[in-house]
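Engineer: structure, please.
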Amino acid sequence: MRSNWARSTIGTPAFVELEKTRAPSHTIIGDIHSSSVIHVAMKIPPPRKEKAPKSAAKKYVKVKHIDDAEANKAPSKGTTTAHFIKFMNELLDIMDMDEGLKGSYLVMDNCIP
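Structural biologist: Below is the predicted model of the structure:
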């Protein structure tokens, strides 16, 4: 929680600096069987880039124009379809190697706390 209001003396604006305490989110995708845990994958977000201080010398910057829209697209930060498909491919390979899991059904659930 954070306070959105501050108090000050009459005639002066109230400015408050608050720390940003947002932690990075981690995604865990797992597969369990009645006898054991079969496969677990954890997606850890990439480390944050340190921002360089702004300087007055770099006021004008030459911009390169790239026509390809895919090249300008920022990388996804969250869990994407590709992450889930990779997990499912790994899981199916594990199930093919285990004789007890061949011919088994997969039940999927999206658990949100």
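
Engineer: so what does the longest helix along the chain touch, helix or strand wise?
Structural biologist: Longest helix in the chain, counting residues (DSSP state H): helix 81-97. Judged by 3 or more CB pairs under 8 Å, 6 or more residues apart in numbering; DSSP states H and E, helix 81-97 is in contact with strand 27-32, strand 37-43. (C-beta placed from N, C-alpha, C; glycine too.)

Engineer: run the chain-centre distance for the shortest one.
Structural biologist: For strand 27-32, the separation from the chain centroid amounts to 15 Å (computed by CA atoms, centre = their mean, to the nearest Å).

Engineer: between that strand and strand 37-43, how many degrees?
Structural biologist: Angle, strand 27-32 to strand 37-43, by axes from the mean of the first three to the mean of the last three CA atoms, to 10 degrees: 170 degrees.

Engineer: what is strand 27-32 packed up against?
Structural biologist: Contact here means 3+ CB pairs under 8 Å, 6+ apart; on that basis strand 27-32 packs against strand 37-43, helix 81-97.
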